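Asker: my questions concern the predicted model and sequence given below.
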Amino acid sequence: MTAQILDGSATAATIKAELRTRVSALAERGIVPGLATVLVGDDPGSQWYVAGKHRDCAEVGIASIRRDLPESTTQAELEAVLDELNADPAVTGYIVQLPLPAHIDTDAILERIDPAKDADGLHPTNLGRLMLRASREIDTPLPCTPRGVIELVSRHGISWDGLDVVVIGRGVTVGRPIGSLLTRRAVNATVTLTHTGTRDLGSHLRRADVIVAAAGVPGIVSADDVKPGAIVLDVGVSRVTDEATGKSRIAGDVADDVREVAAWVSPNPGGVGPMTRALLLANVVETAERQV
Ligand SMILES: Nc1nc2c(c(=O)[nH]1)N[C@@H](CN(C=O)c1ccc(C(=O)N[C@@H](CCC(=O)O)C(=O)O)cc1)CN2
């Protein structure tokens, strides 16, 4: 079997085209959605991701505001920037690029964001609403990567209803919230959340209809771990140095041989990453629409 590709780049392009139309409709009512980004320090990966978010905004007609701060920024200085953005009417939503430097209390920063402007859906109020609303529509921003995973599969004509999903990784941006999203009545999957403390990870993976690999461990999922015909989503991002060329490249959590066993695979790059970016824009547009 050669797996079919869950094409995140093409799907994200479709979502962005839909959002462009919605942004034009808002413009007719005099509303221009605005996304601000807050970046602390000079990590090249984070700088690249933030630059991408501003390019995406320009593509769909969202105004964007950039606040780049030095590595030495204190907790109080960063909180003062967030207070400004919370008060700025031109900012519909904003994100604080993660990870933050070690001297910053990330949880306190996420809590400082006005929940109504939380474009990443990572404020405790918004995560809490996600927990509470298993049966109702959720009218608050949702975490972008889990939302991207769900949309990527659904938009390839695959229903999640009744599927056994095994997630690897318990981080706040993917592993923890994705279980709540996938088990909502409207999606109806069954989820097992595994992590570095899970005994015999392979036995969980081998019975999964869907594997969501978000461990950040290159190649943690290989062909031997995958049930024939399963769907495998690669969310892992690790930067490794290619021994042959000496160049640095992105490595996902899913080994290449998985394509010989799985029915569907999301590539990395070109899978969940572009979807994360597109769903961030969706959160901003939806927040602006709710304000109308
Ligand atoms: N505040 C946040 N911080 C971080 C998040 C997040 O959702 N919110 N997620 C990641 C980084 N990230 C977005 O911020 C992100 C990572 C990767 C991609 C992406 O499109 N990747 C490309 C490949 C990129 C490459 O080659 O270097 C792909 O998958 O095709 C988008 C967004 C951590 N921080």
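Answerer: Everything's here; your move.
Asker: helix or strand for the residue nearest the centre of the chain, which one?
Answerer: Geometric centre of the chain, nearest residue: T145, 1.7 Å, by C-alpha atoms, centre = their mean. T145 is part of helix 144-154, with elements assigned from DSSP states H and E.
Asker: picking that back up, how much space between the residue nearest to the centre of the chain and L110?
Answerer: The gap separating T145 from L110 is 15 Å, by C-beta to C-beta, to the nearest Å. Just so you know, the C-beta spots here come from the backbone N, C-alpha and C atoms, and that holds for glycine as well.
Asker: next secondary structure after the helix holding T145?
Answerer: Beyond helix 144-154 toward the C-terminal end (DSSP H and E), the next one is strand 164-168.
Asker: quick one: mean pLDDT for the helix or strand following that following strand?
Answerer: Counting by DSSP H and E, the next helix or strand C-terminal to strand 164-168 is helix 175-182. Mean pLDDT, helix 175-182: 97.
Asker: how distant is helix 175-182 from the center of its chain?
Answerer: Centroid displacement of helix 175-182 relative to its chain, using C-alpha atoms, centre = their mean, to the nearest Å, is 11 Å.
Asker: average pLDDT for the very next helix or strand once past it?
Answerer: As assigned by DSSP H and E, the chain's next helix or strand after helix 175-182 is strand 190-194. Average pLDDT, strand 190-194: 98.
Asker: other SSEs contacting strand 190-194?
Answerer: Applying 3 or more C-beta pairs under 8 Å, 6 or more residues apart in numbering; DSSP states H and E, we find strand 190-194 packed against strand 164-168, helix 175-182, helix 201-205.
Asker: where does K247 sit relative to R239, distance-wise?
Answerer: 11 Å.
Asker: neighbour count winner among these two?
Answerer: Using other C-beta atoms under 10 Å as the criterion, K247 and R239 rank with R239 on top: 11 against 8.
Asker: mind checking how far the closest residue to the ligand within the stretch 1-150 of the chain is from V172?
Answerer: Nearest to the ligand in the stretch 1-150 of the chain, going by C-beta to the nearest ligand atom, is L98, at a distance of 3.6 Å. As for L98, its distance to V172 is 9 Å (criterion: C-beta to C-beta).
Asker: how much space is there between L152 and the ligand?
Answerer: Separation of L152 from the ligand (C-beta to the nearest ligand atom, to the nearest Å): 11 Å.
Asker: so that residue touches P274, yeah?
Answerer: No: L152 lies out of contact with P274 (C-beta atoms under 8 Å); the separation is 9.2 Å.
Asker: count the neighbours of the residue in the stretch 151-292 of the chain that the ligand sits nearest to for me.
Answerer: Taking C-beta to the nearest ligand atom, the ligand has its nearest neighbour within the stretch 151-292 of the chain at G273, 2.1 Å off. When counting by other C-beta under 10 Å, one arrives at 24 neighbours for G273.
Asker: ditto for R55
Answerer: Around R55 there are 11 residues (other C-beta under 10 Å).
Asker: the one 3 residues further on now?
Answerer: Other residues near A58 come to 10 when the count uses other C-beta under 10 Å.
Asker: check H156 too.
Answerer: Neighbourhood size, H156 [other C-beta under 10 Å]: 15.
Asker: go on, V96?
Answerer: 25.
Asker: L85 is in contact with that one, correct?
Answerer: No: contact criterion C-beta under 8 Å: V96 and L85 do not qualify, at 9.5 Å.
Asker: overlap in contacts of these two?
Answerer: By C-beta atoms under 8 Å, 6 or more residues apart in numbering, V96 and L85 have these common neighbours: V38.
Asker: who's in contact with the residue nearest to I62 when sequence neighbours are not counted?
Answerer: The spatial neighbour of I62 that comes closest, neighbours along the chain excluded (C-beta to C-beta, 6 or more residues apart in numbering), is P33 at 4.9 Å. Neighbouring residues of P33 by C-beta under 8 Å, 6+ apart: 23, 26, 62-63, 92-93, 284-285, 287-288.
Asker: the same query, at a cut-off of 6 Å, please.
Answerer: 62, 92, 284-285, 288 (C-beta atoms under 6 Å, 6 or more residues apart in numbering).
Asker: torsion angles phi and psi at it?
Answerer: Per-residue torsions, P33: phi -60, psi 150 (degrees, to the nearest 10).
Asker: can you give me phi and psi for the residue lying closest to V167 once chain neighbours are set aside?
Answerer: Of all residues beyond its chain neighbours, the one nearest V167 is V212 (4.5 Å), with distances taken as C-beta to C-beta, 6+ apart. Main-chain dihedrals, V212, degrees, to the nearest 10: phi -110, psi 110.
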